[in-house]
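A.B. asks: sequence first, then the predicted structure, then my questions.
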Amino acid sequence: MTPPREIRIIGGQWKRSKLAVLDRPGLRPTPDRVRETLFNWLGQDLTGWRCLDAFAGSGALGFEAASRGAAEVVMIERDAALQRQLREVRERLKATQVRIDGGDALAWMGRCEAERFDLVFLDPPFDAGLFDAALAAAAKLPVRGGFIYLEANAAWPAEALQAHGLQLFRHARAGAVHAHLLQRTTEVSGEGYTSAPAPRSKE
């Protein structure tokens, strides 16, 4: 399916602001319907949250989070043209809480300290075979009870998620897109996992 040429931020202070979608291999912005569902799950207001958009692409997820009050959004993107576009959008929106880093998302997450974020977005190209490696790299990054959003072309079974210390919090499907909101869990006496409290908003 051909991606749209532009998408819009759907909520928050930059609602209806346009984001261009470049013609780049594997670029597939999260559809409006899926983003609306995701941020409904998260409660709309992300005031004070720290977020990582690990495969930033068009920046749809990261800028949506910033628009809804996130205190910090780190975007990782290896494609130079997409990096330029992300920086242009950041300047246009005056999104000072957004940081854009070039490079490989898996390597970046591997170097990152544990419990660094409240929410991690994982939306790698569907044909890149990165889902399991991305989950493994990202699993340590949320605070206890924090969230990982995984967008994939198939539903992930509970056993595969549990192996990474994650449990399914919400799931939805829109066409070929499977949206998973995962929660980092606390190990319970070798018998599995139980959810910890949801992350608190930062002042």
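C.D. replies: Thanks, I have it.
A.B. asks: show me what counts as buried in stretch 5-20.
C.D. replies: Under the neighbour-count criterion of 16 or more other Cβ atoms under 10 Å, stretch 5-20 has I7, I9, I10, G11, G12, W14, S17, L19 buried. To be clear about C-beta, it is placed using only N, CA and C from the backbone, and glycine gets the same treatment.
A.B. asks: need these in JSON lines with distance to Q83, can you?
C.D. replies: Converted to JSON lines, these look like this (distance: Cβ to Cβ, whole Å):
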{"residue": "I7", "distance to Q83": "18"}
{"residue": "I9", "distance to Q83": "19"}
{"residue": "I10", "distance to Q83": "24"}
{"residue": "G11", "distance to Q83": "25"}
{"residue": "G12", "distance to Q83": "23"}
{"residue": "W14", "distance to Q83": "20"}
{"residue": "S17", "distance to Q83": "19"}
{"residue": "L19", "distance to Q83": "14"}
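A.B. asks: separation between the residue positioned nearest the centre of the chain and L61?
C.D. replies: Residue closest to the average C-alpha location in the chain (Cα atoms, centre = their mean): F121, at 1.3 Å. Distance, F121 to L61, by Cβ to Cβ, to the nearest Å: 4 Å.
A.B. asks: again, but for I100
C.D. replies: Taking Cβ to Cβ, one finds I100 at 13 Å from L61.
A.B. asks: more neighbours: which of the two?
C.D. replies: Neighbour comparison, I100 and L61: the larger count goes to L61, with 29 against 22 (by other Cβ atoms under 10 Å).
A.B. asks: helix/strand/coil for the more buried one?
C.D. replies: For L61, the secondary structure call by DSSP: H, G, I helix; E, B strand; the rest coil comes out as helix.
A.B. asks: that one against R35, yeah?
C.D. replies: Yes. Judged on Cβ atoms under 8 Å, L61 makes contact with R35 at a distance of 7.1 Å.
A.B. asks: hmm, back to that, between the buried residues of stretch 5-20, which sits nearest A80?
C.D. replies: L19 (17.7 Å; Cβ to Cβ).
A.B. asks: mind listing what's buried in the top helix by length along the chain?
C.D. replies: Determined from DSSP state H, the single longest helix within the chain is helix 80-93. By 16+ other Cβ under 10 Å, the buried positions in helix 80-93 come out as L82, Q83, Q85, L86, V89, R90, L93.
A.B. asks: and the last one, how close does it get to P157?
C.D. replies: In other words, L93. Relative to P157, and taking Cβ to Cβ, L93 is found at 38 Å.
A.B. asks: let me see the contact set for G12.
C.D. replies: Each residue near G12 by Cβ atoms under 8 Å, 6 or more residues apart in numbering is listed here: E64, A66, S67, R68, G69.
A.B. asks: what's the neighbour count on the first one?
C.D. replies: E64 is flanked by 29 other residues according to other Cβ under 10 Å.
A.B. asks: surely it forms part of a helix?
C.D. replies: Yes. Per three-state DSSP, E64 lies within a helix segment.
A.B. asks: could you list which residues are in contact with it?
C.D. replies: I9, I10, G11, G12, R35, F39 are the contacts of E64 under Cβ under 8 Å, 6+ apart.
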